[in-house]
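sharing a model prediction with you, sequence too.
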Amino acid sequence: MENYPETATERFDKANFHIKYCLTKVKKYILGDVLEIGAGCGSFTRNYITAPEIEKVILTEKDSINIKKLKENFENNQKISVTNKSIQNIDGYYDTILYFHVLEHIEDDIKEIEEAKLKLKPNGHLIIIVPAHQKMYGKLDKAIGHFRRYDKKFFKDFDQLNLLKLQFLDTMGYMLYFFNRIFFKKETFPSSIKIFIWDKIFTPFTIIIDFITNYNFGKCIIAIYKK
C-alpha cells in the first residue's frame with residue numbers, strides 16, 4: 001500500500017508485547033540473508049535484527065513516509081538496506097522471506113507467494129503472519145488497505161513449499177476485536193489507549209490461553225513454509 005495511514009502505523013508500532021510474542025513463534029527460522037516485504041516503520045525488524053544468525057536484511061516498503069522512517073531508524077545498521085522495489089524486481093536469493101501483516105495488502109496474494117518461492121534458497125523459509133477470519137473483515141481492514149482477512153484453508157503445501165507450522169495466535173485479541181466492532185461501530189482506528197490495553201494487559205493472558213487451547217483460535221494466523 002503506497003499511502004498507508006500514518007495513524008495505524010504509529011499506534012501498532014507501540015504494541016511491543018504483541019510483536020515480541022509473535023516473533024517467539026518464528027524467530028528461530030529467521031537467519032542468513034533475509035528479505036522482509038512491507039516492513040512498515042520497522043516494528044518487527046528492530047526486534048529480530050540483533051540475532052547473530054542474521055547476515056543481511058533487505059527491507060521493502062511502498063509508503064514514502066515509512067521508507068523515510070526505515071532509513072532513519074536503521075541508518076547505522078550495516079546489515080540493513082531499504083528499497084521500494086516489488087519482490088519480482090529484487091535481485092538475489094534469500095534464506096528467509098517475511099510477510100508480517102503484509103500479504104493481506106497484496107491483491108494477487110497467490111502470485112506473490114509464487115514470486116517469493118522463486119527468491120528462496122533451497123531449505124529457505126517463508127514466514128507469513130496475517131489477520132484471521134474473513135467474516136471479521138470491517139472498516140479498519142478497508143481503511144488500511146486490506147483486500148481480505150484469512151482462514152486456515154488458504155494455507156496449504158504450495159509447489160516446492162512444505163507447510164511446517166500453521167496456527168492461530170492472540171485469542172484475547174480476537175475477543176476484543178469482536179466486541180469493539182459491536183460497541184464502537186463508527187470507529188475506524190482503535191485509540192492509543194485501546195492499543196495499550198490490548199497489548200500490555202491482555203496479551204499476557206493471551207499467551208496462556210493460546211497455549212491452553214493449543215493455538216486453535218485467535219486474531220492472527222502464522223504460517224511457516226520450507227523450500
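Done, it's in.

ok, then the element right after the helix ranked longest in the chain?
Longest among the helix segments of the chain by residue count, using DSSP state H, is helix 171-183. Once the chain leaves helix 171-183, the next helix or strand it forms, by DSSP states H and E, is helix 192-196.

quick revisit: which strands or helices does the longest helix of the chain pack on?
Judged by 3 or more CB pairs under 8 Å, 6 or more residues apart in numbering; DSSP states H and E, helix 171-183 is in contact with helix 203-212. From N, CA and C alone the C-beta is placed, and that goes for glycine too.

what residues sit buried inside the very next helix or strand once past the helix it packs on?
The first helix or strand that comes after helix 203-212 along the chain, using DSSP H and E, is strand 220-226. Across strand 220-226, burial judged by 16 or more other CB atoms under 10 Å covers 220, 221, 222, 223, 224, 225, 226.

and strand 220-226 with helix 171-183, angle?
140 degrees (axes from the mean of the first three to the mean of the last three CA atoms, to 10 degrees).

which neighbours does strand 220-226 have in its sheet, and in what orientation?
Strand pairing for strand 220-226, determined by DSSP bridges: strand 120-131 (antiparallel), strand 162-169 (antiparallel).

can you check which of those gets nearest to residue 68?
For the strands paired with strand 220-226, proximity to residue 68 was assessed by CB to CB; strand 120-131 is nearest, at 24.2 Å.

using PDB, write out every CA atom in that closest one.
Output in PDB follows, covering the C-alpha atoms of strand 120-131 (Å, rounded to 0.1, in the frame of the first residue of the first chain):
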ATOM      1  CA  LEU A 120      14.000 -18.600  -1.700                       C
ATOM      2  CA  LYS A 121      17.200 -20.600  -1.500                       C
ATOM      3  CA  PRO A 122      16.800 -24.400  -1.100                       C
ATOM      4  CA  ASN A 123      15.800 -25.100   2.500                       C
ATOM      5  CA  GLY A 124      14.900 -21.500   3.000                       C
ATOM      6  CA  HIS A 125      11.800 -20.400   5.000                       C
ATOM      7  CA  LEU A 126       8.800 -18.300   4.000                       C
ATOM      8  CA  ILE A 127       7.100 -16.900   7.100                       C
ATOM      9  CA  ILE A 128       3.700 -15.300   7.000                       C
ATOM     10  CA  ILE A 129       1.600 -13.500   9.600                       C
ATOM     11  CA  VAL A 130      -1.900 -12.400   8.600                       C
ATOM     12  CA  PRO A 131      -5.100 -11.200  10.200                       C
END
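
rounded mean pLDDT for the next helix-or-strand element following that strand, please.
Downstream of strand 120-131, the next assigned helix or strand under DSSP H and E is helix 139-143. Averaging pLDDT along helix 139-143 gives 82.

okay, the buried residues of strand 220-226 in a markdown table with pLDDT next?
A markdown table is the format used below for these (pLDDT from 0 to 100):
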| residue | pLDDT |
| --- | --- |
| 220 | 96 |
| 221 | 98 |
| 222 | 98 |
| 223 | 98 |
| 224 | 98 |
| 225 | 97 |
| 226 | 97 |
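
cool, thanks, talk later.
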